[in-house]
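Q: dropping the sequence and predicted coords here.
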Amino acid sequence: MAAFYDQFLLFGDSITQDASNQQRGFGFAAALQHAYIRRLDVVNRGLSGYNTRQALKVLPAIIPSPEQARIRFLAVFFGANDAAVPHSETKQHIPLDEYKANLRKILTHPAVTAHNARIILVAPPPVNEHLFDPVNRVAAGTKQYADAAVQIGVELSVPVVNLWEAFMVKTGWEADQWKIGQPIPGSLNVAQNDALVELMYDGLHFNPAGYDVLFQEMQKLIAATWPDQVPEKLPMVLPAWNDAVAWEAYDHNHH
């Protein structure tokens, strides 16, 4: 028998894992759980340090069968570790073409398609090289992985939260500047950008301000793509304590 509540499953790396942590303040997963409380179970399956190669290996253990639980939403958020530089001591780097192939395999995996879930792909955010020692991710490289995630979303008709772009809007940077060769905020060859410092406390992981951007962008995407699935449009799974009509229906269905 499937679980009582449908799931909103978050599958990602440390940025997802830490989205339930409220020690710094606002946390994305906690906010999403609050938004869908009594309507969907928000399940955090963030795995610190994972790249898409590792995510693909463990996916069958992460995604429940439809008999165990029904996934209504699946958010897939990888790329921050794949984009590590090839010579990084962490050995997390995944070549760009393999990253794209792995995303395709994750999004089309039989364990995922069995749910016919509403899938959301999150493109990895920018980085701030100024806070790295040593520099194990570079701004221009991370942009390539974000662009690749957007490309895969278009290719597979999966909506994308372009977090890279959403963060860049906060810096005042525009894509036209990239076309004329101006360096990306976060690069060492340009002054440190205050907005990136506010969004990411160590150049990669999110401050509350960063998680708030992710939450707002996710909510906007859901409202635009599946307007019937915004929290206020979903019925509560169990009756409100004072809803006599709902209690009558509940009693009828459970006799």
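A: Ah, there it is.

Q: number of residues surrounding residue 120?
A: 23 (other C-beta atoms under 10 Å). In this view, the C-beta of every residue, glycine as well, is placed from N, C-alpha and C.

Q: kindly report the same for residue 229.
A: Other residues close to residue 229 by other C-beta under 10 Å number 17.

Q: hang on, it packs against residue 118?
A: Yes. Between residue 229 and residue 118 there is a contact at 6.8 Å, judged by C-beta atoms under 8 Å.

Q: residues shared between the contacts of the two?
A: 72-73 (C-beta atoms under 8 Å, 6 or more residues apart in numbering).

Q: now residue 159: how far from residue 173?
A: 24 Å (C-beta to C-beta, to the nearest Å).

Q: neighbour-wise, which of those two wins?
A: Ranked by neighbour count (other C-beta under 10 Å), residue 159 and residue 173 place residue 173 first, with 22 against 15.

Q: name the SS class of the more buried one, please.
A: What DSSP: H, G, I helix; E, B strand; the rest coil gives for residue 173 is coil.

Q: okay, now residue 221: neighbour count?
A: With other C-beta under 10 Å as criterion, residue 221 counts 17.

Q: which neighbouring elements make contact with the helix or strand harbouring it?
A: If you go by DSSP states H and E, residue 221 is part of helix 208-225. Judged by 3 or more C-beta pairs under 8 Å, 6 or more residues apart in numbering; DSSP states H and E, the packing partners of helix 208-225 are helix 28-35, strand 118-123, strand 160-162, helix 163-171, helix 194-199.

Q: one more time with 7 Å
A: helix 28-35, strand 160-162, helix 163-171, helix 194-199 (3 or more C-beta pairs under 7 Å, 6 or more residues apart in numbering; DSSP states H and E).

Q: thought residue 131 was touching residue 202, still the case?
A: Yes. With contact defined as C-beta atoms under 7 Å, residue 202 and residue 131 form a contacting pair (5.4 Å).

Q: ok, now which ones touch the residue nearest to residue 135 when sequence neighbours are not counted?
A: In space, and not counting its chain neighbours, residue 135 is closest to residue 129: 5.2 Å by C-beta to C-beta, 6 or more residues apart in numbering. Under the criterion of C-beta atoms under 7 Å, 6 or more residues apart in numbering, the neighbours of residue 129 are 135, 138-139, 186-188, 203.

Q: and residue 137, by the same measure?
A: Residue 137 neighbours (C-beta under 7 Å, 6+ apart): 83-85, 127, 204.

Q: helix, strand or coil for it?
A: Applying three-state DSSP: residue 137 is coil.

Q: just want to know which of residue 202 and residue 131 has more residues nearby.
A: residue 131 (16 against 11).

Q: identify the residue nearest the more buried one in space, chain neighbours excluded?
A: Per C-beta to C-beta, 6+ apart, closest to residue 131 is residue 203, 3.4 Å.

Q: any idea which element that neighbour lies in?
A: Judged by DSSP H and E, residue 203 forms part of no helix or strand.

Q: so how far is residue 41 from it?
A: Counting by C-beta to C-beta, the gap from residue 203 to residue 41 is 33 Å.

Q: which of the helices and strands packed on helix 208-225 is buried the deepest?
A: strand 160-162 (a mean of 22; mean count of other C-beta atoms under 10 Å).

Q: so what strands line up beside it?
A: Within its sheet, strand 160-162 is paired with strand 118-123 (parallel), according to DSSP bridges.

Q: run the chain-centre distance for the partner strand.
A: 7 Å (C-alpha atoms, centre = their mean, to the nearest Å).

Q: specify the angle between it and helix 208-225 in degrees.
A: Using axes from the mean of the first three to the mean of the last three C-alpha atoms, to 10 degrees, the inter-axis angle of strand 118-123 relative to helix 208-225 is 140 degrees.
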